[in-house]
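>>> Model the following, please.
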Amino acid sequence: MILGILNWHYICFLLPFYYFGHCLSYLNGYYRHYGGNPDEPIAWGVSSYDKLYNWIWFFNGYHAEHHFRPKVHWTRIQAFRDQILEQQRAAGVRVIKPPHALGFLDPDLPPAKRPRPEWLESEPAS
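Modelled structure (predicted):
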């Protein structure tokens with residue numbers, strides 16, 4: 001705040017990058033969970049196994065594995081996935097091809113589920 005008062009260039013430079021960064025962060029977080037199964041702990045998150053993405057971001061793409069066992073260190077997450085692979089398949093863990101921030105490009109993107117408003121609950125679905 002003080003830097004903004006002292007130098008308006010600071011605000012003009014910081015604000016767009018701050019906003020853009022938050023947008024990308026939100027987008028990334030949205031697709032880490034979009035299509036996950038909240039009723040099945042092993043399938044809470046959505047994983048992406050893109051090699052470059054995971055190499056750059058410390059295996060951040062192994063998100064379903066992270067939700068299932070959050071204490072597993074990122075250097076051991078691939079080995080952990082190998083151990084639980086059959087459990088994941090049985091539970092239907094969602095895996096996307098692109099990195100999470102580009103999740104909207106996934107060819108198998110499920111449609112958004114919109115909850116019915118409460119006032120419509122008493123009426124039959126059409």
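>>> ok, residues contacting stretch 96-104?
Outside stretch 96-104, the residues that touch it by CB atoms under 8 Å, 6 or more residues apart in numbering are 24, 27-32, 34-35, 46-48, 50, 53, 57, 60-61, 63, 105-109. Any C-beta I mention is one placed from the backbone N, CA and C, and that applies to glycine too.
>>> The same query, at a cut-off of 7 Å, please.
Contacts to stretch 96-104, defined as CB atoms under 7 Å, 6 or more residues apart in numbering, come from residues 24, 27-28, 31-32, 34, 46, 48, 50, 53, 61, 105-106.
>>> Please flag which of the residues you listed sit within strands.
Using DSSP state E, the members of those that fall within strands are Ser48.
>>> Out of the contacts of stretch 96-104, which comes closest to Val93?
Nearest to Val93, judged by CB to CB, of the contacts of stretch 96-104 is Val46 at 7.8 Å.
>>> burial of the residue nearest to that closest one when sequence neighbours are not counted, as a residue count?
Leaving aside its chain neighbours, Val46 sits nearest to Arg94 (4.6 Å; criterion: CB to CB, 6 or more residues apart in numbering). Neighbours of Arg94 under the rule other CB atoms under 10 Å: 22.
>>> Send me stretch 103-122 as PDB with only the CA atoms.
The C-alpha trace of stretch 103-122 is given here as PDB (Å, rounded to 0.1, in the frame of the first residue of the first chain):
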ATOM      1  CA  GLY A 103      -7.900 -28.900 -18.000                       C
ATOM      2  CA  PHE A 104     -10.600 -27.300 -20.200                       C
ATOM      3  CA  LEU A 105      -8.700 -28.800 -23.200                       C
ATOM      4  CA  ASP A 106      -9.200 -32.400 -21.900                       C
ATOM      5  CA  PRO A 107     -11.200 -34.400 -24.600                       C
ATOM      6  CA  ASP A 108     -13.000 -36.400 -21.800                       C
ATOM      7  CA  LEU A 109     -14.200 -33.400 -19.800                       C
ATOM      8  CA  PRO A 110     -17.500 -34.300 -18.000                       C
ATOM      9  CA  PRO A 111     -20.400 -31.900 -18.300                       C
ATOM     10  CA  ALA A 112     -20.900 -29.600 -15.300                       C
ATOM     11  CA  LYS A 113     -23.500 -30.700 -12.800                       C
ATOM     12  CA  ARG A 114     -25.700 -27.900 -11.800                       C
ATOM     13  CA  PRO A 115     -27.700 -28.400  -8.500                       C
ATOM     14  CA  ARG A 116     -31.500 -27.800  -8.800                       C
ATOM     15  CA  PRO A 117     -32.700 -24.800  -6.800                       C
ATOM     16  CA  GLU A 118     -34.500 -25.600  -3.600                       C
ATOM     17  CA  TRP A 119     -37.800 -24.200  -4.800                       C
ATOM     18  CA  LEU A 120     -37.700 -26.800  -7.700                       C
ATOM     19  CA  GLU A 121     -37.100 -29.800  -5.400                       C
ATOM     20  CA  SER A 122     -40.800 -30.400  -4.700                       C
END
